[in-house]
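Novice: with the sequence up front, the predicted model follows.
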Amino acid sequence: MTPAGQMLVDMLKTDGKVNGDIVKVDTFLNHQVDIKLMKAIGSEIADYFRDKNIDKIITVEASGIVPAQAAAFYLECDYIYAKKKRPLTMEGYYTASSFSFTKQEETSLFVSKEVLKPGDRLLFVDDFFARGHTLRAMETLVEEAGAKIAGKAVVIDKQGRDDIFSVLTLCEIKKIFGI
């Protein structure tokens, strides 16, 4: 197990909760953020994608911002986050819909044409991969822009997909917790 994976397991054991497919990480990942954990996660994502010619990282507000920023810091690249409400200042934009598993609601995502450019090679980063709705929406936006998702990374992958780099999978978590 990687250092970030071990840190995440230790925090799950002391401050988290696993109940079926629900992994509660509010006190260290997606409400309050443990900065040492985030540095380790960002470093591992960056190490994995360092030679993949990533131009920018792309994510969705709000919970994806922290791991995306941590990885961007180590990759020394900019990051973009899709907004869930279009501000008045965003004149030209790409948009797609995503269903949130956690919130059980449909959300529109917006990315300005000023920041997402044709030819950009993007790394998608998020806190969780659950059912794939967010990733599909981001793939739609990126394709519409003429850009490419060159890699995918999440902190916890609930599906265990081979094409997504993850710090931990739900399967690994359940095995560790004897679920």
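Specialist: Okay, I see it. Numbers count the residues shown, from 1 in each chain.
Novice: so what's the nearest residue to Asn30 once chain neighbours are set aside up against?
Specialist: In space, and not counting its chain neighbours, Asn30 is closest to Ser63: 4.2 Å by Cβ to Cβ, 6 or more residues apart in numbering. All C-beta atoms are positioned from the backbone trio N, CA, C, and that covers glycine. Each residue near Ser63 by Cβ atoms under 8 Å, 6 or more residues apart in numbering is listed here: Leu29, Asn30, Asp126, Asp127, Phe128.
Novice: mind listing the residues bridging to the spatially most central residue of the chain?
Specialist: The residue lying closest to the centre of the chain (Cα atoms, centre = their mean) is Asp126, at 0.7 Å. Beta-bridge pairing of Asp126 under DSSP bridges involves Val154.
Novice: quick one: which of the contacts of Ser63 has the most company?
Specialist: Using other Cβ atoms under 10 Å as the neighbour test, the contacts of Ser63 are led by Leu29, with 26 neighbours.
Novice: thought Ile35 was touching it, still the case?
Specialist: No. Here Leu29 does not reach Ile35: they are 11.3 Å apart, not a contact under Cβ atoms under 8 Å.
Novice: pull the residues that contact the lowest-mean-pLDDT helix or strand in the chain.
Specialist: Of all the helices and strands that make up the chain, strand 93-100 has the lowest average by mean pLDDT, DSSP states H and E, namely a mean of 90. Identification of contacts with strand 93-100 by Cβ under 8 Å, 6+ apart yields 60, 86, 105-113, 116, 131, 133-134, 136-138, 140-141, 144-145.
Novice: nearest residue to Val23 other than its sequence neighbours?
Specialist: Excluding the flanking residues, the one nearest Val23 by Cβ to Cβ, 6+ apart is Ile156, at 5.9 Å.
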